[in-house]
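pasting a predicted model and its sequence here:
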Amino acid sequence: MSKQLGKTRNIGISAHIDSGKTTLTERILFYCDMIHKIEEVRGGGSGAKMDHMELEKEKGITITSAATTVFWRGTNDQGITYAEGDGKDIKVNIIDTPGHVDFTVEVERSLRVLDGAILVLCSVAGVQSQSITVDRQMRRYKVPRLAFLNKMDRMGANAFKGVESLTDKLGLNAVLVQCPIGEEDGFCGVVDLITRKASYYDGDNGENVRIEDCPDELKDKVEEMREHMLDVISEFDDQMMEDILEGNEISEEVIHKVIRKGVNDLKLVPVYMGSAFKNKGVQTLLDAVSRYLPSPVSCAAPTVTNKDDEKTVILEPVSDKPLVAMAFKITDEQFGQLTYTRIYQGTVNKGDTVYNTRTGKKVRVGRLVRMNSNDRENIDSASAGDIIAMVGVDCASGDTFVGNDDINYFCEGIHVPIPVIELSIKAKDKDQQAKMAKGLQRFLKEDPTFHVRTDEESGETLISGMGELHLEIYVERLKREYKAEVEVGAPQVNYRETISEEASYDYTHKKQTGGAGQFGQVAGFIRPLKDEDKEREDQNFKFTNQIKGGSIPTEYIGACEKGFEDIMDKGPLAAFPMINVEVFLKDGKHHDVDSSDLAFRIASRQAMRQAIGKASPIILEPLMHVEVETPDEYQGSVIGDLSSRRGLIQGSETNDGGDTVVNALVPLSEMFGYSTELRSMSAGKAGYTMAFEKYSPCSPDIQRKVMEARKEKLSSDD
């Protein structure tokens, strides 16, 4: 089993939008004989295999991550000497993820269950705004990666500047392991710096890899680059460093071994290059995936929490131990829910009963499938290291499944970004309302960044998400998939509230009514929750119990925490949710007869309101990182316009194509309709990307306007 697992790779392909991820995956499918005709993302045909939704084909972007499994035998079927397995038929489970920031949760949940990744960059633009987000996600889940500089055939392509941007902008220890043959539209192959051999990609679709000696004119350049590569990777092996200093020749086997170690220790990023669209460089990238990225056996051992004793348990990727699996993505389909699942330990068979540790319920697995984008292949069983889908199993994204009910394990959840934009949606009649409700319920279950709520005052249905495109896609899906005729209101910003200073509280809840009364007293203080005090990145409320001597019995502490947290749902200024508040409970009193969970929960609610009022509450607005790429002649207009939108210009630079790239932090409220304005001021020549950066305090005048606009909210108090 371990030998077979050693030949499995679970990888993701991630990048900035329009870097060529889906085009690269299409070539991988072709070279691994999974498809027999290459389709393009934009090309008028049936569309790329991994973009199976109609909206994806129309817009030419990836909206939802797609999984597939391929088998790779090595370039020219020569087989490769790998650290594990025999080097033949490496099984690669691939997840192709969206590049657009509005669908970033698809990248989050994919990277959460993967063992390695390919970071794709445009070799002209280098590191772009979403590349930075993807890098942050890979670091969060400690995913080893390779980098692939795509579009080497484009004007302005520069592999050396691409590596420089990986080093300077992302702080990665990136090193080229190939030398390009030819430049821009003359790019025709690569020289492997390890073997000094040149690879050319012949045939109609680059399917025939021709290996030759390095061209004479590149020999000096290759030796220079090889020397630099060896210097960089020798940091991970003392013997290799000693051999280099003594002038000894380093064997290919040793180089592969040391690169693999650097990659798996998250300290090295080998950089490959090619042109997926022109069918160049993909096979050698697959060789590198097989050689250097870890298998389920050699990756960092996954851990879970035992909910019975809160201890960490290390899982073993073997088939004969109790099942532990994680549902990382769900989609509702005609024949029931499709649950994408990563199996970390044990085996699941068709017909087995498994247990959901979140709900405590047992579920029968009626059908197992291996996914190939939207196509599925029925399978009878799956074991540790597999990524498969269960059909008809009701659960939520992030749930943990185990093989028997005496194991109470819980996989660490997936980081879910806060929705920053909201709009109202209204059905035209009752029949349409039912269709709309059905669709919204499905989307809510599938996408943790998509939220639905009903406005208490107006009764309007409000949907919120990561950006205008995110919500636009869901509205379009309601119309297409559910035939729901809906009217959409103007987008609104999701503001937040917080406190700006420390404040104490001391509140007694006392009520006497005939029989047993209610009594509970709580005292302590609240303060702003700083990033360094957070136990996880997305934490917004923290409770610390400092009761000593039993002034409040242990059985009431949980009720106190719930009471404090209840008030986080609605801030005092404009009824927006509160974030970043830390509560300390230091003292209190109880009554032997009259105290209860309810009494302490009510006391904590009132105490929290009291403390927040004294802690100088403020409104926060979402700031977006905006990157505008524009011809130089429009630079002044672009910067002036961003400044007029309360934007903070962080800098500008000229890219290899001669265009200016302007970076700025701009409040989301000022960015609605920006694409139209930008097209107008640049004669349609400029483009931009936008990603959520952070919440920041509003200026007093903006805070006043927000409070006035939301005044009616304050009248509805719970």
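Arrived safely.

which strand in the protein runs the most residues?
If you go by DSSP state E, the chain has its longest strand at strand 617-630.

and it, what other elements does it pack with?
With contacts taken as 3 or more Cβ pairs under 8 Å, 6 or more residues apart in numbering; DSSP states H and E, strand 617-630 sits against strand 496-499, helix 635-644, strand 660-667, strand 687-697, helix 700-709. Every C-beta, even on glycine, is put in place using the N, C-alpha and C of the backbone.

paired strands for it, with orientation please.
strand 496-499 (antiparallel), strand 660-667 (antiparallel), strand 687-697 (antiparallel) (DSSP bridges).

list the buried residues for the helix or strand just after the shortest one?
Per DSSP states H and E, the first helix or strand lying C-terminal to strand 496-499 is strand 503-511. In terms of neighbour count (16 or more other Cβ atoms under 10 Å), strand 503-511 has its buried residues at 503, 505, 507, 509.

of the helices and strands packed on strand 617-630, flag the one that's most buried.
Most buried of the helices and strands packed on strand 617-630, by mean neighbour count (mean count of other Cβ atoms under 10 Å): strand 496-499, with a mean of 24.

so what's the gap between that one and the chain middle?
Chain-centre distance of strand 496-499: 25 Å, with Cα atoms, centre = their mean, to the nearest Å.

and it, average pLDDT?
Summarised as a single mean, pLDDT over strand 496-499 is 95.

what of stretch 435-455?
Averaged across stretch 435-455, the pLDDT comes to 87.

hey, C-alpha coordinates of the host helix or strand of S464 in CSV?
For S464, the host element (DSSP H and E) is strand 461-465. Taking C-alpha atoms only, strand 461-465 is exported to CSV below (Å, rounded to 0.1, in the frame of the first residue of the first chain):
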residue,chain,number,x,y,z
THR,A,461,-33.8,39.2,1.1
LEU,A,462,-30.1,40.3,1.2
ILE,A,463,-27.3,38.2,-0.3
SER,A,464,-23.6,39.0,0.5
GLY,A,465,-20.3,37.7,-0.9
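
next SSE downstream of that strand?
Criterion used, DSSP H and E; the element after strand 461-465 is helix 468-481.

list the contacts of that following helix.
By Cβ atoms under 8 Å, 6 or more residues apart in numbering, the surrounding residues in contact with helix 468-481 are 54-55, 63, 100, 102-103, 421, 423, 425, 435-436, 439-440, 443, 449-450, 463-465, 484-486, 488, 491, 672.

can you tell me which of the helices and strands packed on strand 617-630 the model trusts least?
strand 687-697 (a mean of 87).

next one: it to chain centre, how far?
Worked out by Cα atoms, centre = their mean, strand 687-697 lies 16 Å from the chain centre.

quick one, it and helix 635-644 angle?
Here the directions of strand 687-697 and helix 635-644 differ by 30 degrees (axes from the mean of the first three to the mean of the last three Cα atoms, to 10 degrees).

the helices in the stretch 201-350 of the chain, which residues?
219-233, 238-245, 252-264, 282-292 (DSSP state H, counting those that start in this stretch).

pull the residues that contact the second one.
When contacts are defined by Cβ under 8 Å, 6+ apart, helix 238-245 is touched by residues 230-231, 233-235, 250, 254, 258.

then the first one?
The set of residues external to helix 219-233 that reach it, using Cβ under 8 Å, 6+ apart, is 173, 175-177, 179, 191, 193-194, 196, 214, 240, 244, 250, 255, 258-259, 262, 268.

among the helices of the stretch 201-350 of the chain, which comes closest to N580?
Nearest to N580 among these is helix 252-264 (35.9 Å), distances taken as Cβ to Cβ.

residues in contact with that closest one?
With Cβ under 8 Å, 6+ apart as the test, helix 252-264 has contacts from 81, 83, 144-146, 173, 177, 194-195, 230, 233-237, 240, 268-270, 291-294, 298-299.

ok and it relative to helix 219-233, angle-wise?
Relative orientation of helix 252-264 versus helix 219-233 (the same axes, to 10 degrees): 50 degrees.

could you tell me which of the contacts of helix 468-481 count as buried?
If we count by 16+ other Cβ under 10 Å, the contacts of helix 468-481 have these buried: 55, 63, 100, 102-103, 421, 423, 425, 435-436, 439-440, 443, 449-450, 463-465, 484, 486, 491.

still on that earlier bit, by pLDDT, give me the weakest of the buried residues of strand 503-511.
Out of these, that is H509, at 92.

next, the contact list for the nearest residue to that one once chain neighbours are set aside, please.
The shortest distance from H509 to any non-neighbouring residue, by Cβ to Cβ, 6 or more residues apart in numbering, is to A603 (3.7 Å). For A603, the contact set (Cβ under 8 Å, 6+ apart) comprises 507-509, 520-522, 560, 563, 588.

10 Å - rerun?
Neighbouring residues of A603 by Cβ atoms under 10 Å, 6 or more residues apart in numbering: 505, 507-510, 518-523, 552, 556, 559-560, 563, 588-589, 595.
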